[in-house]
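Q: need coordinates for the following:
(one chain, ligands or ions: 1)
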Amino acid sequence: MKKKLLIIGASGHGKVVADIALQMNKWENVSFLDDNTSLKETMGLEVIGTIKDLTDFIDEYEVVVGIGSNIIRKNIYELVEKMGATIPTIIHPSAVIGKHVHIGPGTVIMAGTIINCCTRIGMGCIINTGATIDHDNLIEDFVHISPGVHIAGTVKIGYCSWLGIGSVVSNNIEITSECQVGAGSVIIRNLTESGVYFGIPAKKRD
Ligand SMILES: CC(=O)SCCNC(=O)CCNC(=O)[C@H](O)C(C)(C)COP(=O)(O)OP(=O)(O)OC[C@H]1O[C@@H](n2cnc3c(N)ncnc32)[C@H](O)[C@@H]1OP(=O)(O)O
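A: I've put the predicted structure just below:
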């Protein structure tokens, strides 16, 4: 394990990632890379370069992508992985994680989340504050589960999908890849086509 952590992206999501990393007490140093060259520090942590500088740091630092957009996070994650970086998982100490839960590299699990047994979460995901994910779920790569989402048992969320804040997914549902589910929506049927859905029950936007 390397003793330093580099977070790519020093905006809102990146700062929460840093906050969790500090609480994990695992790294001696936490710093950022950000393409905003006027930003030199945030939260008392240094911004030591832009993404182009990553090669200079890759041997010394573990690297996590702290960017909220699924597609941007995925593209940068793939670049970082190709460069051979060590990519950790970031898990807030207050998260409750059941037995036989698998969490992929680069995934960030935020404060107050509960993930029940036998759930698999892919790489580069965000499981945001206070979300609950019940048993036997499959959360594919680069998904974002927003704050306060509740997902029942045996649900599958496809690659790069984003569940909006406070949404609810009933049991045995499949949501295909690249879906965006609106804030406060309730999903009671499978979402078989990529697109934007919202409402109670959620319907696809025309
Ligand atoms: C820590 C963090 O901050 S994590 C981030 C958390 N953020 C979220 O979860 C945001 C989720 N985003 C949403 O819910 C958005 O409203 C989206 C993506 C569903 C749609 O966004 P847009 O494409 O900008 O839609 P827009 O705001 O123009 O609304 C279009 C119509 O849909 C309706 N609508 C939009 N979202 C919703 C919703 N969640 N539920 C019900 N109706 C909605 C609007 O009222 C509007 O209706 P109207 O045409 O009758 O006036």
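
Q: going by proximity to the ligand, name the top residue of the chain.
A: Gly182 (2.7 Å; CB to the nearest ligand atom). C-beta here means a position set from N, CA and C on the backbone, and glycine is covered the same way.

Q: quick one, phi/psi of that residue?
A: Dihedral pair for Gly182: phi -70, psi 160, per degrees, to the nearest 10.

Q: dump the residue contacts of Ile8.
A: Shown in contact with Ile8 (CB atoms under 8 Å, 6 or more residues apart in numbering): 14, 32-34, 51, 54, 63-67, 76, 80.

Q: and the residue of the chain closest to the ligand, how many neighbours?
A: 17 (other CB atoms under 10 Å).

Q: setting aside sequence neighbours, what's the nearest residue to it?
A: Nearest residue to Gly182, sequence neighbours excluded (CB to CB, 6 or more residues apart in numbering): Phe198, at 2.7 Å.

Q: which residues are in contact with the residue nearest to the spatial centre of the chain?
A: With distances taken as CA atoms, centre = their mean, Ile126 lies nearest the centre of the chain, 1.6 Å away. Ile126 makes contacts with His13, Gly68, Arg73, Thr107, Val108, Met110, Val143, His144, Ile145, as judged by CB under 8 Å, 6+ apart.

Q: which bits of this protein sit near the ligand?
A: Taking CB under 6 Å from any ligand atom as the contact definition, the chain meets the ligand at 128, 146-147, 164-165, 180, 182-185, 196, 198-199.

Q: buried ones among those?
A: Asn128, Ser146, Pro147, Gly164, Ile165, Gln180, Gly182, Ser185, Phe198 (16 or more other CB atoms under 10 Å).

Q: many thanks, I have nothing further to ask.
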